[in-house]
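[1] Structure, please.
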Amino acid sequence: MKPIVELMDVVKEFPLGKVTVRALRGVSLQIGRGEFVAIAGPSGSGKTTLLNQVGCVDTPTRGTVRIDGQSTSELAESALTKLRLHKLGFIFQTFNLVPVLDLAQNVELPLLLKGGLTRGERDRRVREIVDQVGLTEQLGQRPNELSGGQRQRVAIARALVTGPNIVLADEPTANLDSATGEQILDLMERLNRDQETTFIFSTHDSRVMAHARRLVTLVDGKISSDEATEAAA
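    Prediction:
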């Protein structure tokens, strides 16, 4: 089966004054459709840079990144934006919800950006995904009226409402207590299993690593290990 994410000898460099920082040093990686993968490593190892490459937030200095068969370096900015809207969903550790919008409006926002749906179709999709994350009774509440775990559930619903092929989660449990973090991970596992959505986490949280079925470890911008976990057994 063709991988949904493919990185081939990816190098990413950033100028820092008179110095060039190599955040990724020849990373090659393939991720298949429906995988549940954690990208782990210490601070500065290149986790977020790698996630940004997959998320089309950035393009490589050298090498190739393909998302569902499309090379990101060959796409214009408008095409990259379209790829992000149609193929990718994002979950951030700080939730990134819009405080003046209620829960339903926050979840609906990617559908408005994507376009092409009637108001009724958008409402139906929002209600379906909000029901799946267990927040139907909170539909009219704003982010400041929700707990941290509820806000992360809103972020998951927002990431999934467009039906993306890939969800990228940057430290999704970092601001959650242990019990809530476990509930969020269980929810993402269920959505991964039921919808075959590919989940890719950037994390240094042992809880996330324990739930992942594949663990890719980065050290100094290089892959030091790539192995199936006990969760995959």
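[2] For the protein, name the helix or strand with the lowest mean pLDDT.
    helix 178-195 (a mean of 86; mean pLDDT, DSSP states H and E).
[3] Send me that helix as PDB with only the CA atoms.
    Taking Å, rounded to 0.1, in the frame of the first residue of the first chain, the C-alpha atoms of helix 178-195 are listed here in PDB:
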ATOM      1  CA  SER A 178      -3.300  12.100  34.100                       C
ATOM      2  CA  ALA A 179      -6.900  11.000  34.100                       C
ATOM      3  CA  THR A 180      -8.100  13.500  31.500                       C
ATOM      4  CA  GLY A 181      -5.100  12.700  29.300                       C
ATOM      5  CA  GLU A 182      -5.900   9.000  29.400                       C
ATOM      6  CA  GLN A 183      -9.500   9.800  28.400                       C
ATOM      7  CA  ILE A 184      -8.300  12.000  25.500                       C
ATOM      8  CA  LEU A 185      -6.000   9.300  24.200                       C
ATOM      9  CA  ASP A 186      -8.700   6.600  24.500                       C
ATOM     10  CA  LEU A 187     -11.000   8.900  22.400                       C
ATOM     11  CA  MET A 188      -8.300   9.400  19.700                       C
ATOM     12  CA  GLU A 189      -7.700   5.700  19.600                       C
ATOM     13  CA  ARG A 190     -11.400   5.000  19.100                       C
ATOM     14  CA  LEU A 191     -11.600   7.600  16.300                       C
ATOM     15  CA  ASN A 192      -8.500   6.200  14.700                       C
ATOM     16  CA  ARG A 193     -10.000   2.700  14.800                       C
ATOM     17  CA  ASP A 194     -13.500   3.700  13.700                       C
ATOM     18  CA  GLN A 195     -12.600   6.200  10.900                       C
END
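[4] other SSEs contacting it?
    Helix 178-195 is packed against strand 36-40, helix 148-160, strand 198-203, helix 206-211, with contacts defined by 3 or more Cβ pairs under 8 Å, 6 or more residues apart in numbering; DSSP states H and E. (Each C-beta comes from the backbone N, C-alpha and C, glycine too.)
[5] 7 Å - rerun?
    Helix 178-195 makes packing contacts with helix 148-160, helix 206-211 when contacts are defined by 3 or more Cβ pairs under 7 Å, 6 or more residues apart in numbering; DSSP states H and E.
[6] The shortest one: how far from the chain's middle?
    If you compare the mean C-alpha spot of helix 206-211 with that of the full chain, they lie 16 Å apart, counting by Cα atoms, centre = their mean, to the nearest Å.
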